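A.B. asks: sequence first, then the predicted structure:
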Amino acid sequence: TVVGLCLARSLDMIVGLLGILKAGGAYLPLDPDYPRERLAFMLADARARVLLTHTATHDRMHGAVMD
């Protein structure tokens, strides 16, 4: 399963990345500063089924992903 990882570079990003890999998934790194349309395209193109992000970024992603 492809998991979108939309976090700023931080300890949270490393923890998320390791958790995804340990669970046998693949991660798609996404920069939270990218335009919403670009993020939506990347998620759709990779067929990511899950998005891991912070609440503040989730609010920006409204409409790009299904809740």
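C.D. replies: Received it, and whenever you're ready, just let me know what you need.
A.B. asks: from D12, how far off is the closest residue to T53 other than its chain neighbours?
C.D. replies: Using C-beta to C-beta, 6 or more residues apart in numbering and skipping the chain neighbours, the partner closest in space to T53 is C6 (4.2 Å). Any C-beta I mention is one placed from the backbone N, CA and C, and that applies to glycine too. From C6 over to D12 the distance is 11 Å, taken as C-beta to C-beta, to the nearest Å.
A.B. asks: who has more neighbours, those two?
C.D. replies: Counted by other C-beta atoms under 10 Å, C6 and D12 do not tie: C6 has more neighbours, with 26 against 14.
A.B. asks: quick one: that one and L51 touch, right?
C.D. replies: Yes - with contact defined as C-beta atoms under 8 Å, C6 reaches L51; the gap is 6.2 Å.
A.B. asks: next, the distance between the ends of stretch 3-23.
C.D. replies: The first and final residues of stretch 3-23 sit 11 Å from each other (C-alpha to C-alpha, to the nearest Å).
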